[in-house]
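Asker: this one's sequence-less:
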């Protein structure tokens, strides 16, 4: 008997994730022809396996006595899918999880492993188990947990990691004046103006945008007529939110394909590498640098990130982010306001970037405000933002006291 469509799809997607794909993108592309029930189960399996991968591999070792890392990828994935269903999904019949795991390895041309999979899967049983260490219990790499402990303390790091084991809430953006269009949707108002939690069902044509993401644009303090330079703009959620205020905006990105997705916004689009000198002569009174980053604040919805990111990657991101912020500040007009934001939790991509660039800038730019949103401590993804303001005069080496007097 062939494995069910949901489990076949989940297996194929997990194999593609191992090769560099992103689960959410793959699910969107490959579940369209499935029934709603099968699509839901495929998504549950994919995200559940990725979120709890360390736990599943420990359980596999526990019940099989084998090192998961020495198994063929297809066999390891079939085990993870089966173990996840038996140990974490009450509504899935045990026999279905066992049989389909066997069928998945056969389908992947690993018939020699079918007997092993069948024998081990029949031993698997749910129930309380003492995890060997915190990395397994929280299903997070040790180095990331250590980073978060330095930032948030031991309890705070645990809270973040535990939040990432759960499915995140879904939020939509309902611009002012369009509330009537949202009538009939299953939504709940949040404390962020225009942000609603989607309780169930479709988004009704509104953009899905995390509540933490929606907290960034208000930091720009846009006013009618503001000139906004939006660097690294795709997918365009923050751009669309900014355009709720009647402003002049220019959106940019290094990827022409991604930039094309913003054409419906009806604003100038510029294909450029923002780590190089920017081609604008005039200054902008508002700039948004939504910098590419590790994305560790979004592990709840992109769990594959935690198994890919390495400590050395943070230095690579940091160097690029410094160039982005440095170039953006070069186009900020006197009295202008720049928001530097990432969906990363790491200091290397946040405070350390801002501090390094400000040391280079010297006088004339100040950090007016910093914001950090932490999963588990509040709703939404993890985000960091710093509001940088260029003083309305050109600094000429004045002492701190003189600069303070000038502000007065």
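Answerer: Received, thanks. Bear in mind the structure is a predicted one, so any value in this text is a computation, not a measurement.
Asker: only the buried residues of stretch 263-272, if you could.
Answerer: 265, 267, 269-270 (16 or more other Cβ atoms under 10 Å). For glycine as for every other residue, the C-beta is placed from the backbone atoms N, C-alpha and C.
Asker: out of those, which sit inside helices?
Answerer: Using DSSP state H, no member of these sits in helices.
Asker: how near is the residue nearest to residue 225 when sequence neighbours are not counted to residue 87?
Answerer: Once flanking residues are discounted, residue 225 sits nearest to residue 247: 6.8 Å by Cβ to Cβ, 6 or more residues apart in numbering. Remark: distance between residue 247 and residue 87 (Cβ to Cβ, to the nearest Å) = 51 Å.
Asker: wasn't residue 193 part of a strand?
Answerer: No. Going by DSSP: H, G, I helix; E, B strand; the rest coil, the assignment for residue 193 is coil, not a strand.
Asker: which pLDDT value does the model give the residue with the shortest distance to the centre of the chain?
Answerer: Among the residues of the chain, residue 298 comes closest to the average C-alpha position under Cα atoms, centre = their mean, at 2.9 Å. Per-residue pLDDT puts residue 298 at 98.
Asker: quick check: phi and psi at it.
Answerer: Here the main-chain torsion angles of residue 298 (degrees, to the nearest 10) amount to phi -110, psi 20.
Asker: verify the stated contact: it with residue 381.
Answerer: Yes. Contact criterion Cβ atoms under 8 Å: residue 298 and residue 381 qualify, at 4.8 Å.
Asker: which ones are touching residue 96?
Answerer: 4, 85 (Cβ atoms under 8 Å, 6 or more residues apart in numbering).
Asker: ok, back up a step: residues contacting the residue nearest to residue 225?
Answerer: Counting by Cβ under 8 Å, 6+ apart, residue 247 touches 222-228, 286.
Asker: what is the nearest of the residues you listed to residue 175?
Answerer: residue 222 (13.2 Å; Cβ to Cβ).
Asker: tell me the contacts of the residue found closest to the closest one once you drop the neighbours it is linked to in the chain?
Answerer: In space, and not counting its chain neighbours, residue 222 is closest to residue 245: 4.4 Å by Cβ to Cβ, 6+ apart. Contacts for residue 245 (Cβ under 8 Å, 6+ apart) come out as 222-224, 226.
Asker: rerun that using 10 Å as the cut-off
Answerer: The contact partners of residue 245, by Cβ atoms under 10 Å, 6 or more residues apart in numbering, come to 176, 217, 220-226, 228, 286.
Asker: quick one: secondary structure of it?
Answerer: coil.
Asker: got the phi and psi for it?
Answerer: Main-chain dihedrals, residue 245, degrees, to the nearest 10: phi -100, psi 140.
Asker: same check, this time on residue 289
Answerer: According to degrees, to the nearest 10, residue 289 has phi -110, psi 90.
Asker: and the buried ones among the contacts of residue 245, selectable in ChimeraX?
Answerer: Here is the ChimeraX command that selects the buried residues among the contacts of residue 245 (16+ other Cβ under 10 Å):
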select :217,220,222,226,228,286
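Asker: skipping adjacent residues, who's closest to residue 166 in space?
Answerer: Residue 166 sits nearest to residue 300 (Cβ to Cβ, 6+ apart), 7.0 Å away.
Asker: one more: residue 50?
Answerer: residue 303 is the one closest to residue 50 (Cβ to Cβ, 6+ apart), at 3.9 Å.
Asker: next SSE after the strand ranked longest in the chain?
Answerer: Across the chain, the longest stretch assigned as strand under DSSP state E is strand 332-342. Next along the chain after strand 332-342, taking DSSP states H and E as the criterion, comes helix 351-361.
Asker: buried stuff in that next one?
Answerer: In helix 351-361, counting by 16+ other Cβ under 10 Å, buried: 351, 353-354, 356-358, 361.
Asker: packing partners for the next helix or strand after it?
Answerer: Per DSSP H and E, the first helix or strand lying C-terminal to helix 351-361 is strand 365-373. Judged by 3 or more Cβ pairs under 10 Å, 6 or more residues apart in numbering; DSSP states H and E, strand 365-373 is in contact with strand 332-342, helix 351-361, strand 383-390.
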